[in-house]
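> Structure of the sequence below:
(one chain, ligands or ions: 1)
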Amino acid sequence: MKEKKHPAVSVVMGSDSDLPVMEEAITILNAFGVPCEVFLTSAHRSPERTAAFATGAAARGVKVVIVGAGAAAHLAGVIASQTPLPVIGVPIDATALKGLDALLATVQMPGGIPVATMAIGKPGAKNAALFAVRLLALADKKLHEKLKAYIEQMARDIERKHENLKLG
Ligand code: RP5
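A predicted model of the protein is given here:
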């Protein structure tokens, strides 16, 4: 487990090959000062390790779990089936199907076990972290203020980009 003290968010991934995508989530969490841990486990290659993680996460004080996986991506759903914590899934482009396989495997959960599924790849990883920040900000005034500032900055960036448009 790669972690800071008392991680509020677990960033889980199915393979070390998922790290370049999931780093987008870690970068956002760090920028917001949200303590996170990174955990590598596989629904298929290490099912017992996955179950031990999922069943223990809430008791360790984790509040939100972000899960990135590619191919037949069952990791987010398997974790969601074994914890009451909110689970956010990030489908990863790891096969010839370019992430569509992982998207469908992650999003098509049976009723009863929700996985909040984001877009495929880096935008999904970034949004997973921002969604986790939004959840945590519900009970954290300082984080809420940071989130508001982030959203306002995005709007200012669009205005600046509009001003800088060079039309032919
Ligand atoms: C999934 O299989 C992982 O999440 C990864 O996206 C994909 C390929 O894994 P590697 O073969 O690169 O380890 O379980």
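
> Please count neighbours and contacts with C-alpha atoms only from this point.
OK.

> Please tell me how far the lengthiest helix in the chain is from the chain's geometric centre.
Counting by DSSP state H, the longest helix found in the chain is helix 141-163. Remark: helix 141-163 is offset 21 Å from the chain centroid, using C-alpha atoms, centre = their mean, to the nearest Å.

> Give me the buried positions along that helix.
Residues of helix 141-163 classed as buried under the neighbour-count rule (16 or more other C-alpha atoms under 10 Å) are 143, 144, 146, 147.

> pretty sure the last one contacts residue 132?
If I follow you right, that is residue 147. No: between residue 147 and residue 132 there is no contact under C-alpha atoms under 8 Å: 11.1 Å.

> overlap in contacts of these two?
Counting by C-alpha atoms under 8 Å, 6 or more residues apart in numbering, residue 147 and residue 132 have no shared contacts at all.

> one step back: quick check: which helices or strands does the longest helix of the chain pack against?
Judged by 3 or more C-alpha pairs under 8 Å, 6 or more residues apart in numbering; DSSP states H and E, helix 141-163 is in contact with helix 122-137.
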